[in-house]
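Student: here's a sequence, model it:
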Amino acid sequence: MSELRELYQSVILDHNKRPRNFGEVEGANRSADGFNPLCGDKITVTLDLEDDVVKNVAFDGAGCAISTASASLMTESIKGKTIDEALQLFEGFHELVTGNPKIEVDTSGLGKLTVFKGVREFPVRVKCATLAWHTMKSALEGSGKIAKTE
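Tutor: Residues are numbered from 1 along each chain as shown. As a prediction, the model looks like this:
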């Protein structure tokens, strides 16, 4: 039961109830859609890139508490970062939530994102936590593909 409590820490609940950067970036020059077929979460990430720096980012869509909180924290984390820095955060976050629970992950540089560490204990929730990140990566790469968690 303590694992469930850890998963729904106050930071996650706060970002679910009051998501930051929710909506659409006006004048965005990059965007991508994401879909989690397992639970039906849908998201759109819009970005304003200027000289390879994320000047503004927002997300819109509907999803569970983990999905919404992850998207909210992701937008806060990548704003002001270069494309390379944002992709490094993607890799660090992905390792945090998908890594072996018995192996300690280097969380330096992840800040508040470390609240998602407990997600790896619940494999079905990993897809919820990573949807926004895969969608952001797709937007940064300008691939035009719908990001999926499969």
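
Student: what's downstream of the helix or strand hosting Ala71, the next helix or strand?
Tutor: Using DSSP states H and E, Ala71 sits in helix 65-78. Using DSSP H and E, the next helix or strand after helix 65-78 towards the C-terminus is helix 83-98.

Student: buried stuff in whichever helix or strand comes after that following helix?
Tutor: Moving toward the C-terminus from helix 83-98, the next helix or strand (DSSP H and E) is helix 123-141. Using 16 or more other Cβ atoms under 10 Å as the test for burial, helix 123-141 gives 125-140. To be clear about C-beta, it is placed using only N, CA and C from the backbone, and glycine gets the same treatment.

Student: what angle sits between helix 123-141 and helix 83-98?
Tutor: Relative orientation of helix 123-141 versus helix 83-98 (axes from the mean of the first three to the mean of the last three Cα atoms, to 10 degrees): 170 degrees.

Student: I figured Ala28 hits Val45, correct?
Tutor: No. Ala28 lies out of contact with Val45 (Cβ atoms under 8 Å); the separation is 9.1 Å.

Student: higher neighbour count, those two?
Tutor: Val45 (33 against 18; other Cβ atoms under 10 Å).

Student: need the contact list for the more buried one.
Tutor: Listed by Cβ atoms under 8 Å, 6 or more residues apart in numbering, the contact partners of Val45 are Ser31, Ala32, Gly34, Val57, Ala58, Phe59, Ala71, Ala132, Thr135, Met136, Ser138, Ala139.

Student: cheers, nothing more for now.
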